[in-house]
Structures are given as structure tokens and as C-alpha cells.
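# here is a sequence together with a model predicted from it:
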Amino acid sequence: MKTNDLVTLLASRAPAVDRRGPARRFALAWVAGLGGALLLMILLLGVRPDIGEAVRVPTFWFRLVYASAIATAALWVTSRLARPGVRVGGAWAVLATPVALGWVAMAWVLAHAAPGTHLPLILGHTWRVCPVLIAVLAMPAFVAMLWAVRGMAPVRPRLAGAAVGLLAGATGTVAYCLHCPEMAPPFWSTWYLLGMLIPAALGILAGPRALRW
């Protein structure tokens, strides 16, 4: 049998590629991670008791949109890094946009704050535990998204691991917003971001092993 005939025979017997498979895999992993984060938040921390009043305050939604926007952009970056030969391109700028807007909001609030209130606005009352709690809530999404990316073919495992960690951190932050009493932009644009960067750093360390194929 000639080589061309063999290639044609093998190609004709190959099963059709499910183009929606990767999207379903990522969606399943993210939903599972968010569900796990919400469950951990309820079991370990609890929903803030004044949630009914909090949802009427605009800054409650600002910080929720902040975390959700980072999660959405990080999911886009992660999905591109999971496939060889796909450039991230403008997704980096999209990912940086909510972070930059958070810093702009912090600068605006601090610029209009009374003297002597700047440090309290940044530290709040829970700065010591906030990043750690976010990192803990991120773990279900971290494990689930590592599973999703491992099933693809990432060729930059450290960078892909960092994107997975950032996505997990942002997912954990979305759940944490339902518990956290801190509403000031200087607080959440600082400590929420640090909480997201903890699993991102963990992803850099775990990527070469966890995403090896």
C-alpha cells in the first residue's frame, strides 16, 4: 500500500472532532469551581448577615463586577494558553483593564478622602485574613481548572498555571464578595488582588508538573 493511500485510509476512519468539547470542559470545570467556592464560603465563613442591605449599595456591585471581570478575562487567557499555537494577544489587555480600573477607583477615593483616613481605607478591618481566605476559596476552582487545562495541550505550563491560578483566585473572590464586609475601593482593589495572586503564584509552581502531557 502506498503512503498516500494509507494516509487516506486512516483519515477516513478517524472519528469526527468534537469542536465544542473544549468549551464544555472549561465550562464544567469553572461551574464546579464556583460551586465549590460558594459552598466553602457558606460552610467556613457564612453569607454576611446584612446582605439584604448591602446589595443596595453601589460599591457592593462594583467589587463583584471587578472580580467577575477578572475571572472572565482570565478564563479567556487560560483557554488560549491551553491550546498550542494559539496566541493570547489582546486578551492580556482585557485582563489588565479591570485591575487598572480598580486602581483608578482607589486613587479617586483616596484623593477625596479626609486627611488621616487613607491608611484605614486601604487596610479596612480584615486585611490580615482577606487574601488568605480568598486563596482558600479558590482551591476548588484551582483543582477543577487544572483538570480542564491538563486535558488540552498547553506548551507553556508555567504561564498556563499562572492563568489557572488567577482564574481560580478571581472565582474565589466572587464567592468571597458575599461574605466580606469591606466595601471601600482602596481595600478591595488591593487585598482582593493579592488574594488572587496567591493561587496564581501557586499555579506557576504547579504548572510544570500538573500540566505535563
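Yep, it's here. Numbers count the residues shown, from 1 in each chain.
# let me know the pLDDT of the residue nearest in space to the middle of the chain.
Nearest to the mean C-alpha position of the chain, counting by Cα atoms, centre = their mean, stands Leu167 at 1.8 Å. At Leu167, the model reports a pLDDT of 97.
# what about it, distance to Ser79?
10 Å (Cβ to Cβ, to the nearest Å). In this view, the C-beta of every residue, glycine as well, is placed from N, C-alpha and C.
# repeat that for Ala23.
Applying Cβ to Cβ to Ala23 and Ser79 gives a distance of 8 Å.
# which of these two has more neighbours?
Between Ala23 and Ser79, counted using other Cβ atoms under 10 Å, the more crowded position is Ser79 (21 against 11).
# which SS state does the residue nearest to the more buried one when sequence neighbours are not counted fall under?
Spatial nearest neighbour of Ser79, chain neighbours left out: Phe26 (5.7 Å); criterion: Cβ to Cβ, 6 or more residues apart in numbering. Three-state call for Phe26 (DSSP: H, G, I helix; E, B strand; the rest coil): helix.
# wait, isn't Phe26 in contact with Arg150?
No. Judged on Cβ atoms under 8 Å, Phe26 makes no contact with Arg150 at a distance of 12.0 Å.
# show me the helices in this protein, by range?
Per DSSP state H, the chain carries helices over the ranges 3-13, 21-40, 51-54, 58-81, 91-111, 118-123, 130-150, 157-176, 185-187, 193-210.
# what does the fifth one contact?
Translated: helix 91-111. Contact with helix 91-111 is made by 62, 65-66, 69-70, 73-74, 76-77, 80, 118, 121-122, 166, 184-186, 188-190, 192-193, as judged by Cβ atoms under 8 Å, 6 or more residues apart in numbering.
# just the buried ones from those residues?
With burial judged by 16 or more other Cβ atoms under 10 Å, the buried subset of the contacts of helix 91-111 is 62, 66, 69-70, 73-74, 76-77, 80, 121-122, 166, 184-186, 188-190, 192-193.
# any weak-confidence spans in this structure?
Scanning the chain for pLDDT under 70 picks out 1-21.
# check which residues of stretch 200-212 are buried.
Quick answer for stretch 200-212 (16+ other Cβ under 10 Å): 200, 202-204, 206-207, 210-211.
# residues contacting the residue lying closest to Leu197 once chain neighbours are set aside?
Once flanking residues are discounted, Leu197 sits nearest to Gly169: 6.8 Å by Cβ to Cβ, 6+ apart. Contacts for Gly169 (Cβ under 8 Å, 6+ apart) come out as 134-135, 138, 195-200.
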